[in-house]
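Participant: For reference, the sequence and a predicted model appear below.
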Amino acid sequence: MVFIFKLLDDFIRDNLECGTSGSNYFNKLQRVTSNVFPHLVPWLLKLLKWNGFGHTSQRPMQGQLALFCPACPQPGVNCNPSEDELTDWKYTCTLVMDGNFKAEHMHEKRPEDQVWLMDGLGYMATQPKYKEYLGVTHHPQEKSTCYNHCAVNQANTSRGKLEATGIGSTACARHGCFVPHLLVDFQKGERQVNMDYSFANAIKHKMGKINRVISFYDMNCNYVKNLHARTCDSPFIEIPQDMDITTGIGIWHVHGHRAECFARHAPLFIPGAGWVDGEIIETLWSILNIVSRSTWGMSFPHRQELLNCQMNDANFMKMVRMTQSLVRKLRAARISSASSAATFNDLDTSVPKDQRVKWEAEEHWVQGVRMTDPLRMDIYDVQAEKGLQQCYKLYSSQANVIEAPSVKAMEIELLKSKHLLGNHATELQRLAVAQRVDQLSSKISAFLSEASVYLGDDHAEEMPSDESDLDDNSQDGDIPDDLAGP
């Protein structure tokens, strides 16, 4: 950006007389240039230049003034795979969808006064086309077959004072960059009809001939069931029937579903997904939530351009830091890969060959039918149950170590009670002490019976083996004779 000397002299005078900083003076220039949209004065020109429209009469198309992820595979942009290479897992488009209910918007008093500068050119969908799609698309009341999720309930709740109850969007699941031209408004809540529009636009953005998609969504166990049935007859959106779409649920949200959803939808069970959590879009909402409150009463074009500006800046900051981020992740992955490979080899060699071949065949078959018959993924629940049992065993061993001092504390409390009662205790008091002695004896017996599990048989042989040993010895937690009763 170039400034003439007259302007620089004016800035010096403002700085000397009024103490105006360079940032405040620049904001003043923005308001002088356009008092209605001051924040867009340099930004819109910058977007045109960044995307090759700065010195041409050609008009940008949908989403062409928005930056996208430089690392996600985009044929013709950052890779040129052959037809055979497109089936490789590294050319998979990995997406994550979500809704945000902080970005609400009030009804406008004078919608006829709206002035649009870049409708549909950034991250938000073109409004006339989106509203036409909503007007002709059937959207029945949704019911969750999983747990009673708030997002599904809100989808059936009307809020008349709001034009938009929130927003929904899609981002790349690996690097957390918003995908252009698919930010949509919610009218009632996070309905499937809204997210269908966002998802259908996401799988068209610079995909080329890539035909494999992994999509994460908080409610994929319900959302994906009738996806093709909902979109097959729509004149506005299209989801190819032959596209290989694998759906999952983020690793944090999946634990809020039924237990069987873990094996069916967790990213850990999706080949080619890599080490992703499917929750990265939640971190992007935290940035937008800072400005979302200020957009409630804005005109719709102003709100759209402000959200576009914020999302474009988020993608830009990820773009300039992408190299350092990928290098850091690569180093961590190499270390983790070596450790995981060693652990896996130890486990793999302990399994008989015929059993290994059988498991591999079952896994290959199940992964092939997981989208048409997700119940087949329940074969992984056997391993999950064993894992839970091992965790419980580990927890129990730790609890057993803690149990010893608690038994000793009970013994000390009994000794104090016995001393305070003296020789003039009533029958009820003596009975209460006897009951506590029985409880302590049961705890000691249980502790000793589990010793072989946690200490080994060699150590267990050193422990007292029956009640007679306990009666003869008052050391190391045994019941002393003076607690046995008067």
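Facilitator: In hand now; what should we look at?
Participant: Please make it C-alpha for all contacts and neighbour counts, starting now.
Facilitator: Will do.
Participant: which residues in the stretch 201-350 of the chain form helices?
Facilitator: Under the criterion DSSP state H, counting those that start in this stretch, the stretch 201-350 of the chain carries helices at the ranges 220-223, 227-231, 260-265, 280-292, 300-320, 322-349.
Participant: for those, which one ends up most surrounded?
Facilitator: With neighbours taken as mean count of other C-alpha atoms under 10 Å, the helices of the stretch 201-350 of the chain reach their highest mean count in helix 260-265, at a mean of 24.
Participant: in the stretch 351-486 of the chain, which ranges drop under the pLDDT threshold?
Facilitator: Per-residue confidence for the stretch 351-486 of the chain (pLDDT under 70) gives these ranges: 382-408, 447, 449-486.
Participant: switch the cut-off to 80
Facilitator: The stretch 351-486 of the chain contains residues with pLDDT under 80 at 381-431, 433, 440, 442-486.
Participant: and if you look at the stretch 101-250 of the chain?
Facilitator: Regions of the stretch 101-250 of the chain meeting the criterion pLDDT under 80 cover residues 111-117, 139-161, 189.
Participant: Nearest the geometric middle of this structure, what residue?
Facilitator: Centroid check for the chain by C-alpha atoms, centre = their mean gives residue 279 as the closest residue, at 1.9 Å.
Participant: ok, back up a step: the helices of the stretch 201-350 of the chain: which one's closest to residue 201?
Facilitator: Shortest separation from residue 201 across the helices of the stretch 201-350 of the chain is recorded for helix 227-231, at 12.2 Å, computed as C-alpha to C-alpha.
Participant: List of residues touching that closest one?
Facilitator: Contacts of helix 227-231 from elsewhere in the structure, counted by C-alpha atoms under 8 Å, 6 or more residues apart in numbering, are 196, 237-239, 241.
Participant: before we move on, which element is residue 361 in?
Facilitator: Residue 361 is part of helix 353-369, with elements assigned from DSSP states H and E.
Participant: From residue 209, how far off is residue 93?
Facilitator: Residue 93 is 11 Å from residue 209, where distance means C-alpha to C-alpha, to the nearest Å.
Participant: of these two, who's got more company?
Facilitator: Neighbours were counted for residue 93 and for residue 209 using other C-alpha atoms under 10 Å; residue 93 has more, 23 against 13.
Participant: List the beta-bridge partners for the nearest residue to the more buried one once chain neighbours are set aside.
Facilitator: In this structure, residue 93 finds its nearest non-sequential neighbour in residue 213, 4.7 Å apart by C-alpha to C-alpha, 6 or more residues apart in numbering. Partner residues in beta bridges with residue 213: residue 93, residue 245, with DSSP bridges as the criterion.
Participant: My read is that residue 213 contacts residue 248, right?
Facilitator: No - assessed by C-alpha atoms under 8 Å, residue 213 is found out of contact with residue 248, at 10.9 Å.
Participant: and those two? which has more neighbours close in?
Facilitator: residue 248 (28 against 20).
Participant: wait, doesn't the more buried one sit right on residue 268?
Facilitator: No - under the contact definition of C-alpha under 8 Å, residue 248 does not touch residue 268, with a separation of 9.5 Å.
Participant: residue ranges for the helices of the stretch 51-200 of the chain, please.
Facilitator: With helices called from DSSP H, counting those that start in this stretch, the stretch 51-200 of the chain shows them at 127-136, 150-155, 192-202.
Participant: now for the longest one, which elements pack on it?
Facilitator: Helices and strands touching helix 192-202, as assessed by 3 or more C-alpha pairs under 8 Å, 6 or more residues apart in numbering; DSSP states H and E, comprise strand 166-172, strand 184-186.
Participant: Contacts made by it with the rest, please.
Facilitator: Under the contact criterion C-alpha under 8 Å, 6+ apart, helix 192-202 has outside partners 97, 134, 137, 139, 168-170, 179-186, 223, 227, 231, 237-239.
Participant: Mark which of those are buried, thanks.
Facilitator: By the neighbour-count criterion of 16 or more other C-alpha atoms under 10 Å, the contacts of helix 192-202 include these buried positions: 97, 137, 168-170, 179-186, 223, 231, 237-239.
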